[in-house]
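J.: Need the 3D shape of this:
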Amino acid sequence: MDFEQKGYYLKIDVTIKKIRNYYQKRFDEAQLNITVDQWVVLNNVCKNEGISQLELCAKAFKDAPTLTRIIDLMVKKEYLFRQNDREDRRKYGVFPTAQGKKVWEKASPLTVEARKIGWTNLSEEDYDRFYYILNTVFDNFSQ
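T.: As a prediction, the model looks like this:
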């Protein structure tokens with residue numbers, strides 16, 4: 001295969017930007033006051049209340065300093081709060097506030113809609129194959 005001619009990374013990057021822009025536009029239209037990166041964090045916190053920052057880094061694919069900045073912003077917006085771990089005061093869990101849960105409940109259907117749009121004209125087999133290919137490329141770069 002002529003990899004010099006296969007510009008698949010550029011296509012992946014451009015596609016991701018298009019998807020992120022679509023999500024952001026939908027969040028802005030719904031006046032959710034949230035970015036795509038903040039959504040990823042909020043979604044993971046709402047599904048895993050009390051999650052540690054270390055676990056959240058892994059689930060959100062963010063490094064610790066970036067995640068700390070996102071959490072700090074979301075605490076200021078009153079979407080999240082931190083609570084010290086009962087057993088180890090150096091650790092804390094991250095929780096959604098009532099306002100954060102409202103934003104999550106409004107944003108969740110928008111993300112489902114976006115996923116449906118993205119998979120228009122594609123089958124379950126297409127999805128499985130695509131997921132396999134992405135995981136393989138990811139694993140190849142993780143070694």
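
J.: Point to the residue nearest the middle of this protein.
T.: For the chain, the residue nearest the mean C-alpha position is Val40 (2.7 Å; Cα atoms, centre = their mean).

J.: what's the distance between it and Tyr132?
T.: Using Cβ to Cβ, to the nearest Å, Val40 is found at 23 Å from Tyr132. The way it works is simple: take the backbone N, C-alpha and C, and place the C-beta from them, glycine included.

J.: now swap in Leu42 and tell me
T.: 29 Å.

J.: which of those two has more neighbours?
T.: The neighbour comparison of Leu42 against Tyr132 (other Cβ atoms under 10 Å) goes to Leu42, with 26 against 10.

J.: quick one, what contacts the spatially closest residue to the more buried one that is not a sequence neighbour?
T.: In space, and not counting its chain neighbours, Leu42 is closest to Trp104: 5.4 Å by Cβ to Cβ, 6 or more residues apart in numbering. Trp104 makes contacts with Leu42, Asn43, Cys46, Pro96, as judged by Cβ atoms under 8 Å, 6 or more residues apart in numbering.

J.: Closest one to Thr120 out of those residues, please.
T.: Distance to Thr120 across these (Cβ to Cβ) is lowest for Asn43, with 22.5 Å.

J.: For the closest one, give me the pLDDT.
T.: pLDDT, Asn43: 98.

J.: So what's the residue count around Lys62?
T.: Number of residues near Lys62 (other Cβ under 10 Å) recorded here: 19.

J.: hang on, it packs against Ile70?
T.: Yes: using Cβ atoms under 8 Å, Lys62 makes contact with Ile70 at a distance of 7.0 Å.

J.: Quickly list what's touching both of these two.
T.: Shared contacts of Lys62 and Ile70, defined by Cβ under 8 Å, 6+ apart, are found at Asp37, Val41.

J.: can you list contacts of the strand or helix carrying Thr136?
T.: Secondary structure from DSSP states H and E places Thr136 in helix 124-142. Residues from elsewhere that reach helix 124-142 (Cβ under 8 Å, 6+ apart): Trp119, Leu122.
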